[in-house]
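Enquirer: Based on what follows, work out the 3D shape:
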Amino acid sequence: MQEELTLLQRLIQVLFNPRRSFEAVLNKETAHDWLVPTLLVCAVGIMAHFLTLDVLTNLETPQVQEALHEMSEEEQERYLEGMRMLRTHGWLMVPLGVFSSLLMLSAVLMLFTKWILSAEVTFRQMLVVKAYGSMVLIPEWLVRTPLVLLTGNPDIRTGPGALLDQSQTQDFFGRMLNAINLFDLWQLWILAVGISVFSGTANRKAGITLVIAWLLWIITGAWLEGVDPGPPPGA
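Expert: Numbering: from 1, shown residues only. Coordinates of the predicted model:
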């Protein structure tokens, strides 16, 4: 017999007991189950953006000053224009990022479940899985925001990369460690449980397959960063 939980109860429980939340909504999914958590995440993200905006756009930090010194006048102007855009319209990147991630990753999770796990799920079910998983962004922002304000550093690492200095993140292994985020692992666990519940597959099978896919993503990202390291820090 399915346990009756309100939407609020499911959104709280999913952070600590995701199976209970997903089993409570199984075969009863509605638009509210993916729209409400997504809007909630956007609201917290926008608040975090405005609270840290002064730090994000501070041009007086040593890293930014060093980067500006190495730029041409044209590059400096583009960078300053980007900072102006961030101050005026940067908050829009939060809902755009959250909703685009929801749609794209839900489609990827649906294909992943059908092709790799050979199980049938619907796009709506994967919207619910991803939206519930995105709730992890709320505690992540609640941790990051005060740390950014206290340190004045917008690049707060929440993984093994926090133990490395800047020089140690330049090689392949360092870039891999720097890309690992403990909150991503938390979300990965929730996604695995959600896929397990909706597809009827073993939780271990879904989890191992997702972890392998995530590791390949981390490895590919670290390799591509080495091929094209991008602009200097702070740029």
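Enquirer: Ranking helices and strands of the chain by mean pLDDT, which lands last?
Expert: Lowest by mean pLDDT, DSSP states H and E among the helices and strands of the chain is helix 62-69, with a mean of 78.
Enquirer: Which parts of stretch 146-158 count as buried, going by neighbours?
Expert: Across stretch 146-158, burial judged by 16 or more other C-beta atoms under 10 Å covers 148, 154, 156-157. Just so you know, the C-beta spots here come from the backbone N, C-alpha and C atoms, and that holds for glycine as well.
Enquirer: The strand or helix carrying Asp54: which residues count as buried?
Expert: When elements are assigned from DSSP states H and E, Asp54 belongs to helix 32-56. For helix 32-56, burial by neighbour count (16+ other C-beta under 10 Å) applies to 33-34, 36-38, 40-42, 44-46, 48-49, 52, 55.
Enquirer: all helices for the chain, in order.
Expert: Applying DSSP state H to the chain gives helices spanning 7-13, 18-25, 32-56, 62-69, 73-89, 93-115, 123-133, 137-151, 172-179, 182-199, 203-227.
Enquirer: Among those helices, which one carries the weakest average confidence?
Expert: Here the lowest mean pLDDT among the helices of the chain goes to helix 62-69, at a mean of 78.
Enquirer: now for that helix, which elements pack on it?
Expert: Using 3 or more C-beta pairs under 8 Å, 6 or more residues apart in numbering; DSSP states H and E, the elements in contact with helix 62-69 are helix 73-89.
Enquirer: Which residues does the helix it packs on contact?
Expert: Contacts to helix 73-89, defined as C-beta atoms under 8 Å, 6 or more residues apart in numbering, come from residues 53, 56-57, 59, 67-68, 71, 235.
Enquirer: change it to 6 Å
Expert: By C-beta atoms under 6 Å, 6 or more residues apart in numbering, the surrounding residues in contact with helix 73-89 are 57, 68.
Enquirer: now stretch 128-141
Expert: Counting by C-beta under 6 Å, 6+ apart, stretch 128-141 makes contact with 11, 14-15, 29, 33-34, 37-38, 41, 44, 48, 102, 105-106, 183, 186-187, 190-191, 194, all of which sit outside it.
Enquirer: still on that earlier bit, out of the helices of the chain, deepest packed?
Expert: Stretch with highest mean neighbour count among these: helix 123-133 (a mean of 24; mean count of other C-beta atoms under 10 Å).
Enquirer: report the angle between the axes of it and helix 18-25?
Expert: Angle, helix 123-133 to helix 18-25, by axes from the mean of the first three to the mean of the last three C-alpha atoms, to 10 degrees: 140 degrees.
Enquirer: Send over helix 123-133 as PDB, restricted to the C-alpha atoms.
Expert: Extracted C-alpha coordinates of helix 123-133, given in PDB (Å, rounded to 0.1, in the frame of the first residue of the first chain):
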ATOM      1  CA  PHE A 123       9.200  11.700 -19.700                       C
ATOM      2  CA  ARG A 124       7.000  13.000 -16.900                       C
ATOM      3  CA  GLN A 125       8.400  10.500 -14.500                       C
ATOM      4  CA  MET A 126      11.900  11.600 -15.300                       C
ATOM      5  CA  LEU A 127      10.900  15.200 -14.900                       C
ATOM      6  CA  VAL A 128       9.800  14.300 -11.400                       C
ATOM      7  CA  VAL A 129      13.100  12.400 -10.700                       C
ATOM      8  CA  LYS A 130      15.200  15.300 -11.900                       C
ATOM      9  CA  ALA A 131      13.100  18.000 -10.200                       C
ATOM     10  CA  TYR A 132      13.200  16.100  -6.900                       C
ATOM     11  CA  GLY A 133      17.000  15.600  -7.300                       C
END
